[in-house]
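J.: sharing a sequence plus its predicted fold:
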Amino acid sequence: MQKVYIANTSCISPQESFRTEEFFSDWKGVQTDTDQLHAIEPDYKTTITDAGKRRRMAHLIKMGVSTSLDCLTQADGTYRMPDAIMSATAMGGLEDTEKFLRCIIDNGEELLNPSNFIQSTGNTFGGQTGLLLGHHGYNVTYAHGGYSMESALTDAMLQIQSGDINNALVTGADEITATEYEVMRKMGFWREGRQMGEGSNTFLLSNDPANSFCELAAVTILHDVDSNNITEEIAKFAENNGMAPEDIDLVLTGTDCDKIADKTLGTSNYPTTDYKQWCGQYGTKSGFGLWLGSQLLNKGIAPKGNQWEKRQLKNIVVYSEYRMNDYTLMLLKKD
Amino acid sequence: MDNLIEQLKQQIIEELNLEETTPADIDAAAPLFGNEGLGLDSIDALEITMLLEKYYGIKISDPKQAREIYSSINSIAEFIKANKQ
């Protein structure tokens, strides 16, 4: 079976992560006292140069298209054409959805703005990326809640592993809106001291190991897991992929409100680092964990500020948990 | 009439999200659609139709009529002046 490698990445997050190494200089990250971690956005005039196309794009689409195009940018400034485009979003274009719904209420279901409707669907940033590239191949969006990112990655991996395609562009993105925050606050979702986050994470997956960041060896989605058994699940995941549990050098944890899982992982023998402290909570946040893991392996560094920061990392597991329902594991390897 | 033209320019910039355009950039006599002038498209035409109904109470249902009215800011302003309710 063909192995899958991460050939390139791009990330817009609440940290200095887009076209800069700043985040890795101090590891403190940009923090805020509020319970919202907003993305640090680039000047979109430099990432989406066509003003006519840019003007209809909402926040989410600009983020998704920007990381997608950035990930494909070659040394001469032209874009590499991927064989396939897979996109992931838990909530889709919320900003446009809210504007459209507001318009329905305010205008008595008449005089509805077509742009907001067109741009509100989850597949818009994947579609816009395809249009800007002139891409006529496979282009699919996964809107599968807390495991949208993993679903898109699985699709890309299966097609590369089976030899159907040589490479795929995979982007996961979600945005914060004031209304979503307020609705979820009223539902009690933010009471646990969690910070809401947003961002866009893109990966160019390829069957070519040359100049790759690392291997994306496995992605799995777990259902009905007992939180007390999280460490056993990680051990089983390692064994299923031909490794001993002690071969795992780092677990990047995206723990949420599952206190049992937090405690179980915290007291396990696995070296752990919480990536959600930097990106916040959102549907496709495991993309940030994957971006961070691939960066660590590519740079040959470990997160600062813990006892294993001098450790040589070869195998990283990215763990994700979302609303105590969706648990996912991804394995990154670097020889 | 001049006030109406300036008001229309501002409303079109806001409703069509022409974020890098100011009223001074728009030539009221220039074509709104196609490669010249503002270079607007068919979705913009739909939004201008909604704009006219929302702000001026004017309904345009005949596409042939719309093509003539939407040829420039000046022609839209003249139509509003003649038909505003």
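T.: Noted; the coordinates are in hand.
J.: distance between the helix or strand that contains A:Thr202 and the chain's centre?
T.: A:Thr202 belongs to strand A:199-206 when assigned by DSSP states H and E. On the basis of CA atoms, centre = their mean, to the nearest Å, strand A:199-206 sits 7 Å off its chain's mean C-alpha point.
J.: tell me which helix or strand comes right after it.
T.: That would be, after strand A:199-206 and using DSSP H and E, strand A:214-222.
J.: using PDB, list the CA coordinates for the helix or strand just after that next one.
T.: Using DSSP H and E, the helix or strand that directly follows strand A:214-222 along the chain is helix A:230-240. Once non-C-alpha atoms are left out, helix A:230-240 reads as follows in PDB (Å, rounded to 0.1, in the frame of the first residue of the first chain):
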ATOM      1  CA  ILE A 230      -8.300   6.600  26.400                       C
ATOM      2  CA  THR A 231      -4.700   5.500  27.100                       C
ATOM      3  CA  GLU A 232      -5.600   1.900  26.200                       C
ATOM      4  CA  GLU A 233      -7.100   3.200  23.000                       C
ATOM      5  CA  ILE A 234      -3.900   5.100  22.100                       C
ATOM      6  CA  ALA A 235      -1.900   1.900  22.900                       C
ATOM      7  CA  LYS A 236      -4.200  -0.100  20.700                       C
ATOM      8  CA  PHE A 237      -3.900   2.500  17.900                       C
ATOM      9  CA  ALA A 238      -0.100   2.300  18.100                       C
ATOM     10  CA  GLU A 239      -0.100  -1.500  18.000                       C
ATOM     11  CA  ASN A 240      -2.600  -1.500  15.000                       C
END
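J.: the helix or strand just after helix A:230-240 vs helix A:230-240, what angle?
T.: Under the assignment DSSP H and E, the closest C-terminal helix or strand after helix A:230-240 is strand A:250-254. Compare the direction of strand A:250-254 with that of helix A:230-240 by axes from the mean of the first three to the mean of the last three CA atoms, to 10 degrees and you get 130 degrees.
J.: A:Tyr142 against A:Ser87, yeah?
T.: Yes. A:Tyr142 is in contact with A:Ser87 according to CB atoms under 8 Å; the separation is 7.1 Å. (Each C-beta comes from the backbone N, C-alpha and C, glycine too.)
J.: who has more neighbours out of these two?
T.: The neighbour count for A:Tyr142 versus A:Ser87, taken as other CB atoms under 10 Å in any protein chain shown, is higher for A:Ser87 (31 against 25).
J.: and that one, what does it touch?
T.: By CB atoms under 8 Å, 6 or more residues apart in numbering or on different chains, A:Ser87 lies in contact with A:64, A:122-123, A:125-126, A:129, A:139-142, A:152, A:170-173.
J.: restricted to strands, list those.
T.: Judged by DSSP state E, strands contain the following of the contacts of A:Ser87: A:139-142, A:170-173.
J.: establish whether the helix or strand bottoming out on mean pLDDT in chain B and chain A are in contact.
T.: Least confident element among the helices and strands of chain B, by mean pLDDT, DSSP states H and E: helix B:63-69 (a mean of 88). No. Remark: helix B:63-69 sits outside contact range of chain A, by CB under 8 Å from any CB of the partner chain, the gap being at least 15.1 Å.
J.: contacts for that helix, please.
T.: Applying CB under 8 Å, 6+ apart, the contact partners of helix B:63-69 are B:45, B:49, B:60, B:75-76, B:79.
J.: distance between the next helix or strand after that helix and the chain's centre?
T.: Sequence order places helix B:73-83 as the next helix or strand after helix B:63-69, per DSSP H and E. Relative to its parent chain, helix B:73-83 has a centroid offset of 9 Å by CA atoms, centre = their mean.
J.: ok, stretch A:44-53 next?
T.: Between the centre of stretch A:44-53 and the centre of its host chain there is 23 Å, according to CA atoms, centre = their mean.
J.: so for it, mean pLDDT?
T.: Averaging pLDDT along stretch A:44-53 gives 92.
J.: residue 49: how many residues sit nearby?
T.: Answering for chain A, as no chain was given. Using other CB under 10 Å, A:Thr49 is surrounded by 11 other residues.
J.: hmm, no, I was thinking of chain B.
T.: B:Thr49 has 19 neighbouring residues, counting by other CB under 10 Å.
J.: can you pull the contacts of it?
T.: Applying CB under 8 Å, 6+ apart to B:Thr49 gives the contacts B:60, B:66.
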